[in-house]
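>>> predicted model follows, preceded by the sequence.
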Amino acid sequence: MIATVDYFDKQTLGMLYNQPVPGFAGAIGGAANIGDVRNTGWEFMLQYRQQLENMAFSVGVNGTHVRNTVVSLGNGE
């Protein structure tokens, strides 16, 4: 039997984000590196292997739980 569990916590600074522009400005908003995002979660894997005389098989299951949080959009939001 094989089992693994992994936990991750990653913060990305300067994510590309389309800046909104008011409609009366007559311009199209541009993209800027202003967003900060934090990704946390875990992954697991469980696998069973069996070797018989003339046959081998394995059965496995895996799963993931992820939470993505926007920390900042660069303009106080």
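Perfect, thanks for sending it.

>>> so which strand or helix has M45?
Assessed by DSSP states H and E, M45 sits inside strand 31-51.

>>> let me fix that: R67
R67 belongs to strand 56-72 when assigned by DSSP H and E.

>>> what's the spacing between the residue of the chain most remote from its centre and V21?
Going by C-alpha atoms, centre = their mean, the residue of the chain most distant from its centre is E53, 42.3 Å out. Applying C-beta to C-beta, to the nearest Å, the value for E53 to V21 is 71 Å. In short, each C-beta sits where N, CA and C put it, glycine included.

>>> check F57 too.
When F57 is compared with V21 (using C-beta to C-beta), they lie 59 Å apart.

>>> tell me which of those two has more neighbours.
Under the criterion of other C-beta atoms under 10 Å, the comparison of F57 against V21 puts V21 first, with 12 against 9.

>>> which residues of the chain score low on pLDDT?
Scanning the chain for pLDDT under 70 picks out the ranges 23, 25-29, 75-77.

>>> could you rerun that using 90?
In the prediction, the chain carries residues with pLDDT under 90 at positions 13-35, 70-77.

>>> returning to that earlier point: work out for me the element the residue farthest from the centre of the chain sits within.
Residue-wise, E53 maps onto no helix or strand under DSSP H and E.

>>> would you list the phi and psi of it?
Backbone geometry at E53, expressed as degrees, to the nearest 10, gives phi -60, psi -50.
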